[in-house]
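kindly generate the corresponding structure for this input.
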Amino acid sequence: MNGKNIALLSYIPFLGWIIAFVLYFESKTKDSIARFHLRQTLGLQILFLGGSMILGFFRVYFLLFPFEIICFALWIVGLLNALKEEQKPVFYIGHYFQEWFKNFIR
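You can find the predicted model right below:
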């Protein structure tokens, strides 16, 4: 698989990301577009799950729906960037994902 396909596959939550992660590490050429979007989607999924769990635990339900809409919008922006084969981080937090996960996904 080429890097664009791996990048697009990583935007399928959970199972798609795991499959893309395995395909990336089995490929002989480590494509930078795949690596970039694997980091982005890992960060987005951790943000979504962690934020939803925290807001649910503290029963701040009035913030839960807006938070999920924001996460969905960030996911759409990342997916569109993967379709265009661009390496633009998602708004505000994308560059943090690249920094935090640079040793995990090389």
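
alpha carbons only for contacts and neighbour counts from here, please
Noted.

could you pick out the longest helix of this structure?
helix 32-57 (DSSP state H).

can you work out which other helices and strands pack against that one?
Packed against helix 32-57 by the contact rule (3 or more CA pairs under 8 Å, 6 or more residues apart in numbering; DSSP states H and E) you find helix 3-9, helix 15-26, helix 61-83, helix 94-100.

Ala34 is nearest to which of the ones you listed?
Ala34 sits nearest to helix 3-9 of all these, at 4.6 Å, using CA to CA.

buried sites along the closest one?
The neighbour-count check on helix 3-9 (16 or more other CA atoms under 10 Å) flags 3-4, 6-9 as buried.

which one of the residues you listed is nearest to Ile69?
Using CA to CA, Leu8 comes nearest to Ile69 of those, at 20.6 Å.

now render the helices and strands packed on helix 32-57 as CSV, adding mean pLDDT and distance to Arg106.
Shown next, in CSV, are the helices and strands packed on helix 32-57 (pLDDT from 0 to 100; distance: least, CA to CA, whole Å):
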stretch, mean pLDDT, distance to Arg106
helix 3-9, 90, 14
helix 15-26, 92, 9
helix 61-83, 93, 18
helix 94-100, 91, 11
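
most tightly packed of those?
Ranked by mean neighbour count, those are led by helix 3-9 with a mean of 23 (mean count of other CA atoms under 10 Å).
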